[in-house]
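# I'd like to go over a predicted model; first the sequence, then the structure.
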Amino acid sequence: MSDATLGSLFRARSVALVGATDRSIWSTAAFANFERIGFTGRVHPVSRKGGIVHGLPAAPACAAIGEPVDAALLMVPEGAIAEALADMNAAGIRNAVVLTSGFAEIGAEGAAKQDALVAAARAEGVTLLGPNCLGFINYADRVPIWTTQPPMPVIQGGAIGIVSQSGATAGFIAAFAQRQGIGLSYQVSTGNEADVNVARVVDFLVDDPTTRVIGLFLETVHDATLLAAAARRALAADKPIVAIKIGASETAARAAEAHTGSLVGDDRVFDAVCRQLGIIRVASIEDLVFTAALLARLGHVQDRRLGLVSISGGVCEMAADQAELAGVAVPQLAPGTQAALRQVLPAFGTPNNPLDVTGGAMLDASIFARSLPAFGADPAIGLVACFMDVPDTPEEIAGYRGGIVRQIGEGFRASGCPSVMLSVLSRPVTEAGRALLEETGITYLGSGVQHGLGAIGRAFAWAEQQEKCVPRPPAAPDQVAERPASEHATLRFLGARGVPVVPLSLARSAAEAVTAALALGGPVVLKVASPDIAHKSDIGGVLLNLKGEEAVAAGCDRIMASVRAAKPEAAIDGVLVGPMRSGSAVELFVGVLRDPLWGPAIAVGLGGIWVEALRDTAIRLLPVTPDQVLEMFAELRGAKLLDGYRGTPGIDRRAAADAVARIGDAALALGPALTSLEVNPLRATATGVEALDALAIWNEDA
């Protein structure tokens, strides 16, 4: 269940404005918001000088208010925060919103002050939002502890909860939503997140009955474990989360000798988190608002095949292109649907999907009302998107443009199919336009073609993920004390954990290498065995396809000479002798890296020489199941190579997925001291897989 303490903050019925003054724009705006939003509780200005502030008698201290208070807004300078908090404690106030800046955002000195603030708050059981935050508005219960003017008028009945680490960005999101006629249930600024962070608010909103969709603006994640747990609960509760996450830094420095760092990266790990947890990631405020609004209004779309309708053939074509980019199916119409539409459309109209109702609908708007029921009844269509702008003024609404919208509304109602109307260009929705939409019952986005189809594609993808509602991954395996350092030891460890590995023998001399090669009975591969050499082929440490005793002996000597010349300081254990694998195969790369926020993540892609050239990988957090690995394979741009290409046979995907999952489990068993684990290549064929090379890198300080 969610954090109960946040309920007493977000649903406060009495609020103290500490540091209230008529001279401050923050204090003036905060006080005015109580009337703007319709707060019906008690507001208590608190000022050292007392007197009249904002037209009300001001108490000189919280302790002097003389009645219980649920929450306080602290607007005093940083140097007075400790005193204000002590006064709060004396008054028994257990919730605080801290507008004041000058804490962790300014560096080490500010961070120390913030730590002291948090320690003092926790000692008294105070829930702290901020510091350096604008506060929150609970639109559903009309509770505003917010220090700038929100967009007006407030749109009632909103169902989108916005949580932002940036207060200004929360304001931008709220303002854009209001211009689009989209209401919010909450807007919360978390600021420095000294106590209450985004994850805690998300966890609260998952259980909030008025919030149907959660929107996030993230700069970083301070509690990945809680956010992941809340996201899983949201997915199970059919409550979408739409997120903007800024910042994309590489983690290559944490694994300088391994490919995995540059192939994964912090931002790509967050992408993987979103895929696994059902978080819809977007790149703009527009996409966040439109996607959240569509999901809030339509809910979970069961049948994800799209029908497109417009009065313009050009718009139909643009919409079809955007639908394809969004991964949305636009099916052909059934013969019966085509026949029914021919009875309605002008003679020059063509009954297709997308459906161009032609300019005839400008003269006879009833074409919409007569064609949409037949179109929406097609067995292949699960959602109808009709393109038409909502008029802006009462005069337009009373004229033919309003008449067209009313005919579309009539057609939507008669079709019985889930439907949405989208604008052609992105445009605001006026109060008069909102009234028309309420009259007709039309679900509308003023999004334009691109944003609208993108929102539909994301809503469809989320619904598919929700229906899978992937359960928690299996428990991580128990950790082992072993710390394999060499390739040979790492492959042995993987083999013991159920990963198919190539048979290798360690030879300490040319004679031993010949004996091992004879035992294999065919062409062999020789590789230098050294814990100090990660990439052996770069220094002449690998020889392929050696046949016969003389070739093996000479090859062993060549490798030793090349390696000693290139790496004279390296410890050399000998030479590894293994069978030369030939024939058609696909080489896969499997890499595990420990992300500092989310923990161990696994990357899969095409291996061998292609891993750096293509940088085509799919990522998940560990542990993973074989079924999740199969999904990763499908995400690769080179996925078609796994099924055979131009005469080459495909691979056994199931066997490969099982091996990848086992590699992930093996990495988890090695514990937190493991920096990275790579298998490159994992050789995959139509009959099975085999790890040919492995590299483990350790954090020596762990």
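Thanks, I have it. Numbers count the residues shown, from 1 in each chain.
# tell me which other helices or strands the lengthiest helix in the chain touches.
Longest helix in the chain, counting residues (DSSP state H): helix 448-468. Packing partners of helix 448-468 (3 or more Cβ pairs under 8 Å, 6 or more residues apart in numbering; DSSP states H and E): strand 279-282, helix 285-298, helix 313-325, strand 383-387, strand 419-422, strand 444-445. Where you see a C-beta, it was placed from the backbone N, CA and C, and this is true even at glycine.
# mind putting those in a markdown table, mean neighbour count included?
Below are those laid out as a markdown table (neighbours: other Cβ atoms under 10 Å):
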| stretch | mean neighbour count |
| --- | --- |
| strand 279-282 | 22 |
| helix 285-298 | 24 |
| helix 313-325 | 17 |
| strand 383-387 | 24 |
| strand 419-422 | 25 |
| strand 444-445 | 27 |
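# just put the ones you listed in a markdown table and tack on mean pLDDT and distance to residue 110.
Formatted as a markdown table, the helices and strands packed on helix 448-468 follow (pLDDT from 0 to 100; distance: least, Cβ to Cβ, whole Å):
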| stretch | mean pLDDT | distance to residue 110 |
| --- | --- | --- |
| strand 279-282 | 97 | 31 |
| helix 285-298 | 98 | 29 |
| helix 313-325 | 97 | 45 |
| strand 383-387 | 98 | 50 |
| strand 419-422 | 98 | 46 |
| strand 444-445 | 98 | 42 |
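# TSV please, covering the ones you listed and showing distance to residue 43.
Listed next are those as TSV, based on distance: least, Cβ to Cβ, whole Å:
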stretch	distance to residue 43
strand 279-282	37
helix 285-298	31
helix 313-325	48
strand 383-387	46
strand 419-422	41
strand 444-445	37
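# residue 68 - how many residues pack around it?
For residue 68, the count of nearby residues is 11 (other Cβ atoms under 10 Å).
# can you confirm it is in a helix?
No: using DSSP: H, G, I helix; E, B strand; the rest coil, the assignment for residue 68 is coil, not a helix.
# where in the chain is the helix or strand with the lowest mean pLDDT?
Using mean pLDDT, DSSP states H and E, the weakest-scoring helix or strand in the chain turns out to be helix 260-264, at a mean of 45.
# for the helix or strand that comes right after that helix, which positions count as buried?
Next in sequence after helix 260-264, counting helices and strands by DSSP states H and E, comes helix 266-277. Residues of helix 266-277 classed as buried: 266, 268-277 (neighbour count, 16 or more other Cβ atoms under 10 Å).
# kindly report the same for stretch 398-407.
Within stretch 398-407, the residues that count as buried by 16+ other Cβ under 10 Å are 401-402, 404-407.
# chain center to the longest helix of the chain: distance?
Averaging C-alpha positions (Cα atoms, centre = their mean, to the nearest Å) puts helix 448-468 14 Å from its chain's average.
# the very next helix or strand once past it - what's its average pLDDT?
Using DSSP H and E, the next helix or strand after helix 448-468 towards the C-terminus is helix 487-496. Averaged over helix 487-496, pLDDT sits at 94.
# what's helix 487-496 packed up against?
In this structure, helix 487-496 packs against strand 524-529, helix 653-669, strand 694-698, with contacts taken as 3+ Cβ pairs under 8 Å, 6+ apart.
# for these, which one ends up most surrounded?
Neighbour counts (mean count of other Cβ atoms under 10 Å) averaged over each of the helices and strands packed on helix 487-496 peak at strand 524-529, with a mean of 24.
# tell me which of the helices and strands packed on helix 487-496 lies nearest to residue 393.
helix 653-669 (58.5 Å; Cβ to Cβ).
# what's next to that closest one, contact-wise?
The contact list for helix 653-669 (Cβ atoms under 8 Å, 6 or more residues apart in numbering) reads 476-480, 493-494, 497-500, 588, 590, 592, 600, 602, 604, 622-630, 632-633, 642-643, 674, 677, 679, 682, 684, 688-689, 691.
# swap in 6 Å and give it another go.
With contact meaning Cβ atoms under 6 Å, 6 or more residues apart in numbering, helix 653-669 is reached by 476-477, 479-480, 494, 497-499, 590, 592, 602, 604, 622-624, 626, 629-630, 633, 677, 679, 684, 688-689.
# one more: stretch 628-647?
The contact list for stretch 628-647 (Cβ under 6 Å, 6+ apart) reads 586, 604, 606, 616, 618, 620, 650-651, 653, 657, 660-661.
# again, only using 7 Å
586, 604-606, 614, 616, 618, 620, 650-651, 653, 657, 660-661 (Cβ atoms under 7 Å, 6 or more residues apart in numbering).
# ok, residue 543 touching residue 556?
No: here residue 543 does not reach residue 556: they are 8.6 Å apart, not a contact under Cβ atoms under 7 Å.
# if you count what's nearby, which of the two comes out ahead?
When neighbours are counted by other Cβ under 10 Å, residue 543 and residue 556 differ, and residue 556 comes out ahead with 26 against 21.
# quick one, what contacts that one?
Shown in contact with residue 556 (Cβ under 7 Å, 6+ apart): 507, 510, 513, 526, 575.
# distance of it relative to residue 528?
10 Å (Cβ to Cβ, to the nearest Å).
# residues that sit against both of those two, list them.
Listed as contacting both residue 556 and residue 528 by Cβ under 7 Å, 6+ apart are residue 575.
# circling back to that earlier point, now for the helices and strands packed on helix 487-496, which one comes closest to residue 354?
Nearest to residue 354 among the helices and strands packed on helix 487-496 is helix 653-669 (35.6 Å), distances taken as Cβ to Cβ.
# what mean pLDDT does that closest one get?
For helix 653-669, the mean pLDDT works out to 97.
# what is the strand or helix carrying residue 45 packed up against?
Element membership for residue 45, per DSSP H and E: strand 42-46. Contacts defined by 3 or more Cβ pairs under 7 Å, 6 or more residues apart in numbering; DSSP states H and E place strand 42-46 against strand 14-18.
# quick one: residues in contact with the helix or strand that the strand it packs on is followed by.
Note on strand 14-18: by DSSP H and E, the next helix or strand toward the C-terminus is helix 25-37. Here helix 25-37 makes contact (Cβ under 7 Å, 6+ apart) with 17, 19-22, 43, 54, 73, 75, 99, 137, 142, 144, 146-150, 152, 154.
# so for helix 25-37, mean pLDDT?
Mean per-residue pLDDT for helix 25-37: 98.
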